[in-house]
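got a predicted structure here, sequence first:
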Amino acid sequence: MAAGSISEDEFWNSIISFLTLSSKIDRKWMIIDTQNGARYVKKTEIIKDTENKEHPASPMDNAHIRNNEIEDEDSAVFQGEESLDQSILTWEYHILYSQSFSVPVLYFNVHTQNGKLLSLDEIWKKVPETYQERLSEDRWTFISQQEHPVLGCPYFYLHPCHTAELMKNTPAVTDKRHYIVAWLSAVGPVVGLNLPLEYGKLCAC
């Protein structure tokens, strides 16, 4: 197995460790078991959009939106489409294991309050400028769209071809239980997924 990669058993052990941390910090991640026996890890985040790419809206900045998520969804039923706030975006993240690359893969979709899915161009515009500069030559291969391997519908994903290379020099690889935290901390911010600092602090304990 290539340096920086993990086996499927190691992946799920790391997921369990990650979910244990999540239960103590934000309780936002969960394992979804499907009828055909497949599994993936899911998080949904409702975020107020911003034009400031250097300081994008984060889950911590939008706590008031999270706290009122259920109320907002209920009230939206009684609103006309024109009255919905199109700056409020729902980001849905899924973590799956890639058998081909022996690494985790982050799938995601983003939609507005009226259910409109964002295009790849629209998503790329929401990538912080610091990452856009680094990824300018690989923008269409780093973030791609394909059929979700479990759900069978189109999802964006961060291509896993460079994940092992990224992770092989990461200290967390010496303790595979913390692989998911280290990996998400490295790739998540590209698509608005910022783990609270408490994850790193608890991993160090």
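Thanks, I have it.

so how far is Tyr179 from Phe18?
Using C-beta to C-beta, to the nearest Å, Phe18 is found at 9 Å from Tyr179. All C-beta atoms are positioned from the backbone trio N, CA, C, and that covers glycine.

ends of stretch 95-105, how far apart?
Terminal residues of stretch 95-105 lie 6 Å apart, using C-alpha to C-alpha, to the nearest Å.

list the buried residues in it.
For stretch 95-105, the neighbour count (16 or more other C-beta atoms under 10 Å) marks Ile95, Leu96, Tyr97, Ser98, Phe101, Ser102, Val103, Pro104, Val105 as buried.

do the same with stretch 117-125
Using 16+ other C-beta under 10 Å as the test for burial, stretch 117-125 gives Leu118, Ile123, Trp124.

then stretch 23-30?
Ile25, Asp26, Trp29.

any chance of CSV for those residues, columns pLDDT and secondary structure?
Conversion of those to CSV gives the following (pLDDT from 0 to 100; DSSP: H, G, I helix; E, B strand; the rest coil):
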residue, pLDDT, secondary structure
Ile25, 93, helix
Asp26, 90, coil
Trp29, 96, coil
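
between those, which is closest to Gly200?
Of all the buried residues of stretch 23-30, Ile25 has the smallest distance to Gly200: 10.7 Å, by C-beta to C-beta.

pull the contacting residues for the residue lying closest to that closest one once chain neighbours are set aside.
Excluding the flanking residues, the one nearest Ile25 by C-beta to C-beta, 6 or more residues apart in numbering is Glu198, at 4.8 Å. When contacts are counted by C-beta atoms under 8 Å, 6 or more residues apart in numbering, Glu198 touches Leu21, Lys24, Ile25.
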